[in-house]
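>>> predicted coordinates and the sequence they were generated for:
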Amino acid sequence: MIGVFDSGFGGLTIHRALIDALPEHDFVYFGDNINSPYGTREPLDVLNLTCNGMQRLIDEGCTVMIAACNTAAAVSMRWIQQQWLPALYLKDSVKRNALSIVVPTIEAATGLDWYEEKRLHDGMPQGAVIAVFATARTVATKTYPFEIRKRRPDINVVQQACPALAGAIEAGAPREKLHALVAEYTNTLMAQLGGRAPESVILGCTHYPLVADIFAECLPAGMPIIHQPETTAAALVTYLQRHPEYKVGMNGKRKFLSTGYSPDALGLIEKFWGAPIEFDRA
């Protein structure tokens, strides 16, 4: 089974794309809504919550897990992959892996494979600017500037923290409030750039695609936005083709888990999903 973990509802944007790309595979989604948003939490808190979420997915029988939360991935993924999962393997000899949505996003932003470094690419001109909208914690890790400039040192990465946005989406805030928040953050970023339009934009929180239309309204017309759901789905398809040793199930099973959420958010979520979603209490 494939597990998708997020701090709340945002990971459903990733989950939808994964199901569309791999409809025959078994999936379980776990949203830690009661502790959302992660973007305002301390790193150790994020690490512990992410490990708890991954453990729940393992308990559900998952062998491949997606950290569909940029904050969880930026703070926790390296330790989970290098320390936590190997320790579990020593206990039960079950092969598992946890994958980060950050990796395919960096690849899409730079036009380079994750393992390539310092090579120019025709898809992005020298001196280009990539804008990143993310939670305060993700911005503080500097993951996106570091990983992008590691591969393309000629690219300028400008980050904009959006501390209230994910929480507002989780709480089911009205569209007017969401629009005001996005407008505030996009205006602040454009002021940083002196009015220059970036070459592309990363929505570095999986909640943000739920209001991608508002970002499109507030950003310069025609601004290319790198969509994490599509890049993550394509990366997972390739990964599973390369690693048939993972037993993920091919019966089209679906399960949705949540630690508890605001019913006010269901309207936006079900509009995005296209149907009601039944969550089991985790």
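Now that the structure is in, tell me what you want to look at.
>>> my guess is Ala136 contacts Pro163. True?
Yes: assessed by C-beta atoms under 8 Å, Ala136 is found in contact with Pro163 at 4.6 Å. No exception for glycine: its C-beta is placed from N, CA and C like everyone else's.
>>> what residues do these two have in common as contacts?
Residues touching both Ala136 and Pro163 (C-beta atoms under 8 Å, 6 or more residues apart in numbering): 39-40.
>>> which stretches of the stretch 151-282 of the chain form helices?
For the stretch 151-282 of the chain, the helices defined by DSSP state H, counting those that start in this stretch cover 165-170, 175-192, 212-218, 228-242, 266-273.
>>> now those in a markdown table, with distance to Cys62, mean pLDDT and mean neighbour count?
As requested, the helices of the stretch 151-282 of the chain are arranged in a markdown table below (distance: least, C-beta to C-beta, whole Å; pLDDT from 0 to 100; neighbours: other C-beta atoms under 10 Å):
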| stretch | distance to Cys62 | mean pLDDT | mean neighbour count |
| --- | --- | --- | --- |
| helix 165-170 | 24 | 96 | 24 |
| helix 175-192 | 32 | 98 | 16 |
| helix 212-218 | 28 | 97 | 16 |
| helix 228-242 | 13 | 96 | 18 |
| helix 266-273 | 21 | 91 | 15 |
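>>> any idea which of those gets closest to Val64?
helix 228-242 (7.3 Å; C-beta to C-beta).
>>> where do the domain boundaries of this structure fall?
Domain ranges of the chain: 2-102+229-281, 113-227, per automatic domain parsing.
>>> of the ones you listed, which shows the lowest average pLDDT?
Mean pLDDT is lowest for domain 113-227 among the domains of the chain, at a mean of 92.
>>> the strands in the stretch 51-200 of the chain, which residues?
64-67, 97-100, 129-134, 156-161, 200-203 (DSSP state E, counting those that start in this stretch).
>>> how about residues contacting the fourth one?
Residues lying outside strand 156-161 but in contact with it, judged by C-beta under 8 Å, 6+ apart, are 127-136, 139, 142, 144-145, 148-149, 185-186, 188-189, 192-193, 198.
>>> among these, which ones are buried?
By neighbour count, with 16 or more other C-beta atoms under 10 Å, the contacts of strand 156-161 hold 128-136, 139, 144-145, 148-149, 185-186, 189, 198 as buried.
>>> which one of the strands of the stretch 51-200 of the chain lies nearest to Ala233?
strand 64-67 (9.8 Å).
>>> dump the closest one to CSV, keeping only the CA atoms.
The C-alpha coordinates for strand 64-67 follow below in CSV (Å, rounded to 0.1, in the frame of the first residue of the first chain):
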residue,chain,number,x,y,z
VAL,A,64,6.0,3.4,0.2
MET,A,65,5.1,6.7,1.9
ILE,A,66,4.9,10.2,0.6
ALA,A,67,5.5,13.2,2.8
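>>> reformat the strands of the stretch 51-200 of the chain as TSV; add distance to Gly111.
Converted to TSV, these look like this (distance: least, C-beta to C-beta, whole Å):
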stretch	distance to Gly111
strand 64-67	23
strand 97-100	19
strand 129-134	11
strand 156-161	15
strand 200-203	11
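>>> can you tell me which of those strands is most buried?
strand 64-67 (a mean of 27; mean count of other C-beta atoms under 10 Å).
>>> and Arg56, how far is that from Asp280?
Per C-beta to C-beta, to the nearest Å, Arg56 is found 11 Å from Asp280.
>>> which residues do those two both contact?
By the contact definition C-beta under 8 Å, 6+ apart, Arg56 and Asp280 are jointly contacted by Leu257.
>>> between these two, which is the more surrounded one?
Between Arg56 and Asp280, Arg56 has the larger neighbour count (other C-beta atoms under 10 Å), namely 19 against 10.
>>> who are the contact partners of the nearest residue to Ile80 once chain neighbours are set aside?
Using C-beta to C-beta, 6 or more residues apart in numbering and skipping the chain neighbours, the partner closest in space to Ile80 is Ala98 (5.2 Å). Neighbouring residues of Ala98 by C-beta under 8 Å, 6+ apart: 54, 65-67, 77, 80-81, 85.
>>> same deal with His227?
The contact partners of His227, by C-beta under 8 Å, 6+ apart, come to 203, 209, 212.
>>> let me know the closest of those to Thr238.
Of all the contacts of His227, Pro209 has the smallest distance to Thr238: 21.2 Å, by C-beta to C-beta.
>>> what's around that closest one, how many residues?
Neighbours around Pro209, by other C-beta under 10 Å: 22.
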